[in-house]
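> Take this sequence and fold it.
(3 chains)
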Amino acid sequence: MSDLIDILVSATFWAAVIRIASPLIFATMGELICERAGVLNLGIEGIMVIGAFTGWMAVYQGLPLWGGVAVAMAAGMVFGLLHAVLTVPFGLSQHVVGLGITLLAASASSFCYRLMLPEVTSPPKIEPFQPLDIWFLSDIPFFGPALFSQTALTYAAFAVAIITFWVLFRTPLGLAVRAVGENPAAVEAQGLSVTGLRMGAVIIGSGLMAVGGTFLTLSAFSSFFFEMVNGRGWICIALVVFGAWGPGKAVFGAILFAAFDALQIRMQQTSIGVDIPYQFFLMAPYVLSILALILMSRRAEVPAALMTPYNKGER
Amino acid sequence: MNESQSGARDIVLRLDRITKRFGPLIANDEISMELKRGEVVALLGENGAGKTTLMNILFGHYLADEGSVEVFGQPLAPGNPRAALQAGVGMVHQHFTLADNLSVIDNICLGTEGLFSYRSGRAAAKTKVESLSRDFGLTVDPLAHIGSLTVGERQRVEILKALYRDAKILILDEPTAVLTPQETDALFDTLRKAIARGLTIVFISHKLNEVMAIADRCIVLRHGKVVGEVETAKTDRVALAEMMVGGTVTMPKAEYREAGHPAFSLMSVSVPNNGVAPGLKGVSIDLCSGQILGLAGVSGNGQAAIADLVSGLGFPAVGKIHIESRPVEEWSPRAAINAGIARIPEDRQKTGTIADFNLMENAVLEAYFRPQFSWRGWMNWKSAESFAKSIIQKYDVRCPGPQARIRLLSGGNMQKLILGRVLEHNPNIIIANQPVRGLDVGAIAYVHSQLIAARDAGAAILLVSEDLDEIQSLSDVIHVVFEGRLSPAFKRGSKTAAELGLWMAGHGFADQNHAA
Amino acid sequence: MVLRIKTMRLEPVVNPSLARRLGFPAAALAATIAVASLLAMLAGSNPFATLGLIVKGAAGSRFALLETLNRATPLIFTGLSAAVAFRAKLWNIGAEAQLYAGAIVAVLLGSGAVGWPLVLPLSTALAMLAGALVLLGPVLLKTRLGVDEVVTTLLFNFIMLLTVSWLLEAPLKDPAGMGWPKSWPLIAEARLPRIVSGLRLHWGFGVAVIAAIVVWIIQTRTTLGFEMRAVGQNQHAARYAGMPVNVVLIKTALLSGGLAALAGWSEVAGLKGHLSLDLSPGFGYTGIIVAMLALLHPIGVVFTALFVAGVFVGSDAMSRAANVPTYIADMLLATALLFMVLAILLTKVRIVRK
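Numbers count the residues shown, from 1 in each chain, chains lettered A, B, ... in the order given. From the prediction side, this is the model:
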């Protein structure tokens, strides 16, 4: 028990929580934007992989770190465009297309990796984002090292969450996005393009997912592995539900989730942990996600037109 | 209205030889018309005559295959609702185009501001909406969520949406279909105020008395063509009806019949509200054999809950269901079918049939488990096919054959298949929920005559309809439902439409409460 | 482009012509081959030579053909699993987890505790039961609480893989494995015999083909099949028509989970003889492609599974000879999936101006 308290009061623990939460926040915001517009994007897992790969490869090829982020985002948006074309104007099953995009993006990453690095046995490392102290904030005891000694990409994740909230709930664009996920006919009758809004949301959302992916290579691990995304995309879908399609609650969910994840890593090394097979600790994130879905199952306010394609003037 | 400004300047809208095809179907065939400033033009026609398609072309939901639209002398960019809105065309759709999760003001402002502004301005918008509400008599709380509004209030929001954008031409598609007679009067007051301000109104309807009351001019469509254009003052309902239908159709007449024994009863049934529709509060109904019981009311007042109870989808939280005076313990759609209840659902496309199944499969959709059609889990498709064939023949279902997918059928033929599949089992109890919605006059007459024949053969029938005319012409007894409560039973002919309308608006119920 | 899309509308084609029904899928196939060629060129290889090597590697010799049939076996099972579930619009993406459940049962029963002749029928039945139970959780969450099954079944895949990882390090560990994470080997009686002695093709393939036929009969001839199709097409109408929708979904799940489990069971009992963490290179996910390419038709699944297996086996062989990464197979199949769903749509609708 004292082990647990020691962990919870240490600043390094909370710094890890924020770090683990960051990629989830990017990708969750991306998924949330898609779903608010009425499109379930199951391409998220693969888009995170392609983001992780392209961002890392761009930096490895000599681009600056932010250049890598931009490349990752662009790659995500390309796959988002493909998803959007198939699911919005053509109205194809969002389940099938999403899974297809995931398979395509993930295999494209593996293919390009092997193509570009045919002989390599262990993936090369790049120089990742370094922790960035913020003025005096980083000197505050406990909170400084926990919250304000993160990489620039982490700060960006929280900025993205705030911007997502502002755009969705305070601007005309966000109003249109929320309306198109609820009743596309309402949007069309007011002279806006359902197709344009939905495609835009999917493309932007996919870009954010890819940035979440590249956080793993450019800020967390500094290298690329095939299995590195490891279900994070699916977890983000669960986080959107857990957050009841609200950015604030989704960020809270991501942090809560990251806390459990960071905790399980540390618990493995404690006296309780050594007796339990490590696999059960590694299961925690997935089990938690399922629990989150169960917890929110009755309460969530699903966008009414989620997964419903809109065929203009359908008779 | 304005005699001094005669001539071409008065023409606000000109449709020129509009043609629209959907595959082999010609929905609009070279339709031309002109609208003058300040007039109310009724666009009359049966279901499927092409009224809504024409207005959807005007508003830019569809692209016309041929023809053009001019608004205030300027050609209107086709296929673009935004262009139509900017030219001053506003449309109140039959199926409201409102986002339930947003407030009234958000729905009204949606699309009126530049999308990429960093914030939305609401204070000025709220003032404008409030003054419009006052000027046009459209009371509604601008901050309320759409989800919490009644049907009548939602329609007001739809009209406000158009007025907020300074619409000069207002299209209303079947606006009275969901209103009480009194709400209809209030709508007409609003429309008269709009005309006084120089708006032009297109009023789509098939209700002739309303058309006579509000329109200056009627344009009648049939099978996608303009078949007549008359000034309202120079015509009458009979002439318009003949023009619409292209001849005379005699609607079946039902004489009053005395009640037999109660075949199906709800005994003080209450159902909790499910968040979307109100529940029921202590509702008691006796469906008696040999009678049609009409359930009138504004949509969304508990009709769905009552229909669900009879169909087996719902179960009373409080109270009992009795069949032939015996209480029912187990209740499900299957139990209702087994109890001999014939169910004609409200939405034949989404509830009554499976679009991509063929006629044969749809014919046995709710009877496949009977020994006639299956044995120990194995389907007997031969028997199903001959059953489907017999329905097709007996009920005159026009179709390529039992193997055709049902989505290819017209609404009338789909309804005939549903009628056939339930009536073939000689039901004692029938629930007909909006049985003629969206059908043309011929099909309406057919469905009504089948219901009357079933009644005369001794069936107990519950007829649910938002159309008061239909209720009054068929029912032996009428109940009005309002906010989950039921009026007393009114015998055929004992109440006028206006009196029933007051009940539909909840007036009689208040007295009941005071009495209680 | 976005501007053009804004004015399009999809209109159903009432009676699609034969040319339409064959032309678009053919075009999808051609487009997939074009993408393959492009990828080969990207890798600096001659596209024709590359495609030729894939075909040769998949079917160019008796060995290659048998390899393809062996690889198709688990894909038929997972393909059937997806086809059964998707037909009822039950999105079971957890075939991977159910596959491992079947594999675990095969190992447990292969320990020698049960002998001939009981062991094989028992392990078949229990493997199906285990797979069914793995899917039962998510489907009960769906029917009772409305929890979306896509995410839960996906997450179960990860949980199951970690469970297997633990099992291989402790309870099922091969004592003679020299630290390598694999299970004890199955006793000979628990192994699936070969169909023709001397040919490296086991009876798992036979069971897979029989399973496809059984599923086809269930879907077309039984009331359960009728209910499954009705629930998949329009759940609301099915409930209104008195069908026990939740029961149908649960039965569908049991069948789907059981079929996926047979994939793992046949891989362990027929091919490998033991369980290891690399038993499935994503057979569960590939089964989705197999099912979609077959338009969810159970007999079609057998043929698309052979095609997909051929692409994998052929690409493996090709990448040993040419410098094109073997991952080209996954890319091709994902591309084929996306092109094919679009092509199938276009056989049914035409794009018109709105």
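
> what are the ranges of the helices in the stretch 201-315 of chain A?
Per DSSP state H, counting those that start in this stretch, the stretch 201-315 of chain A carries helices over the ranges A:232-242, A:247-267, A:278-296.

> Mind putting the ones you listed into JSON lines with distance to chain B and mean pLDDT?
Quick note: C-beta positions are derived from backbone N, CA and C, even for glycine. Output for these, formatted as JSON lines (distance: least, C-beta to the nearest C-beta, whole Å; pLDDT from 0 to 100):
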{"stretch": "helix A:232-242", "distance to chain B": "16", "mean pLDDT": "94"}
{"stretch": "helix A:247-267", "distance to chain B": "16", "mean pLDDT": "92"}
{"stretch": "helix A:278-296", "distance to chain B": "17", "mean pLDDT": "90"}
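
> Quick check: which of the ones you listed has the most neighbours on average?
Among the helices of the stretch 201-315 of chain A, the stretch with the highest mean neighbour count (mean count of other C-beta atoms under 10 Å in any protein chain shown) is helix A:232-242, at a mean of 28.

> Distance from that one to the middle of the chain?
Relative to the mean C-alpha coordinate of its chain, helix A:232-242 is positioned 8 Å out (C-alpha atoms, centre = their mean, to the nearest Å).

> How about the contacts made by the residue in the stretch 151-300 of chain B positioned nearest to chain A?
In the stretch 151-300 of chain B, no residue comes nearer to chain A than residue B:161, which is 7.2 Å away by C-beta to the nearest C-beta. The contact partners of residue B:161, by C-beta atoms under 8 Å, 6 or more residues apart in numbering or on different chains, come to A:189, A:190, B:90, B:107, B:108.

> before we move on, back to that, in JSON lines, list the helices of the stretch 201-315 of chain A along with distance to chain C.
Output for the helices of the stretch 201-315 of chain A, formatted as JSON lines (distance: least, C-beta to the nearest C-beta, whole Å):
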{"stretch": "helix A:232-242", "distance to chain C": "5"}
{"stretch": "helix A:247-267", "distance to chain C": "12"}
{"stretch": "helix A:278-296", "distance to chain C": "4"}
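
> could I get these as a markdown table with distance to residue B:151?
Converted to a markdown table, those look like this (distance: least, C-beta to C-beta, whole Å):
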| stretch | distance to residue B:151 |
| --- | --- |
| helix A:232-242 | 32 |
| helix A:247-267 | 33 |
| helix A:278-296 | 31 |
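
> Nearest residue to residue A:131 in space, ignoring adjacent ones along the chain?
Of all residues not flanking residue A:131 in the chain, residue A:149 sits nearest, at 4.9 Å (C-beta to C-beta, 6 or more residues apart in numbering or on different chains).

> Where does that neighbour sit: helix, strand or coil?
Of the three states, residue A:149 takes coil under DSSP: H, G, I helix; E, B strand; the rest coil.

> what's in contact with stretch B:431-444?
With contacts defined as C-beta under 8 Å, 6+ apart, stretch B:431-444 is touched by B:46-48, B:244-245, B:249, B:251, B:303, B:307, B:310-311, B:341-346, B:411-412, B:415-416, B:447-448, B:451, B:461-466, B:470.

> Flag every buried residue along it.
For stretch B:431-444, the neighbour count (16 or more other C-beta atoms under 10 Å in any protein chain shown) marks B:431-441, B:443-444 as buried.

> next one: stretch C:33-44
Buried positions in stretch C:33-44, judged by neighbour count with 16+ other C-beta under 10 Å: C:35, C:36, C:37, C:39, C:40, C:43.

> Ok, stretch C:217-230 next?
Across stretch C:217-230, burial judged by 16+ other C-beta under 10 Å covers C:218, C:219, C:221, C:222, C:223, C:224, C:225, C:226, C:227, C:228, C:229, C:230.

> next one: stretch A:146-164
A:146-151, A:153-158, A:160-161, A:164.

> picking that back up, can you flag which of the contacts of stretch B:431-444 belong to strands?
Among the contacts of stretch B:431-444, the members falling in strands (DSSP state E) are B:341, B:342, B:343, B:344, B:461, B:462, B:463, B:464.

> Now the first one. Nearest residue, chain neighbours left out?
Among residues not flanking residue B:341 along the chain, residue B:429 sits closest, at 4.6 Å (C-beta to C-beta, 6+ apart).

> Neighbours of the one you found, how many?
Using other C-beta atoms under 10 Å in any protein chain shown, residue B:429 is surrounded by 21 other residues.

> ditto for residue A:29
Residue A:29: 32 surrounding residues under other C-beta under 10 Å.

> Would you mind measuring from it to chain C?
Separation of residue A:29 from chain C (C-beta to the nearest C-beta, to the nearest Å) stands at 17 Å.

> If we go by neighbour counts, what in the helix or strand harbouring that residue is buried?
Per DSSP states H and E: residue A:29 is located in helix A:11-36. Neighbour counts over helix A:11-36 (16+ other C-beta under 10 Å) mark A:13-36 as buried.

> pretty sure residue C:9 is in a helix, no?
No: remark: residue C:9 does not belong to a helix; assigned using three-state DSSP, it is strand.

> Please work out which residues outside the helix-or-strand element of chain A with minimal mean pLDDT touch it.
Across the helices and strands of chain A, mean confidence by mean pLDDT, DSSP states H and E is lowest for helix A:143-147: a mean of 75. Residues from elsewhere that reach helix A:143-147 (C-beta under 8 Å, 6+ apart): A:11, A:12, A:13, A:14, A:15, A:18, A:137, A:138.

> Out of those residues, which comes closest to residue B:387?
Residue B:387 lies nearest to residue A:18 out of the contacts of helix A:143-147, by C-beta to C-beta, at 66.6 Å.

> where does the chain dip in pLDDT?
Since you didn't name a chain, this refers to chain A. Low-confidence segments of chain A (pLDDT under 70): A:1, A:299-300, A:312-315.

> that's the other chain; I wanted chain B
Within chain B, the segments meeting pLDDT under 70 span B:1-9, B:275-277, B:510-516.

> how about the residues of it that lie near chain C?
Residues of chain B lying close to chain C by C-beta under 8 Å from any C-beta of the partner chain are B:22-24, B:61-63, B:79, B:311-313, B:332-334, B:336-337, B:343, B:345, B:350-357, B:361, B:365-366, B:368-369, B:374, B:377-379, B:407-408.

> Count the residues that sit near residue 182.
The chain I'm using is chain A. Look at residue A:182: counted by other C-beta under 10 Å, it has 25 neighbours.

> You answered for a different chain; I wanted chain C.
Neighbours of residue C:182 under the rule other C-beta under 10 Å: 20.

> residues contacting it?
C:168, C:174, C:274, C:275, C:276.

> go again using 10 Å as the cut-off
For residue C:182, the contact set (C-beta atoms under 10 Å, 6 or more residues apart in numbering or on different chains) comprises C:107, C:168, C:172-174, C:176, C:272, C:274-279.

> of these, closest to chain B?
The closest of the contacts of residue C:182 to chain B turns out to be residue C:107 (C-beta to the nearest C-beta; 34.4 Å).
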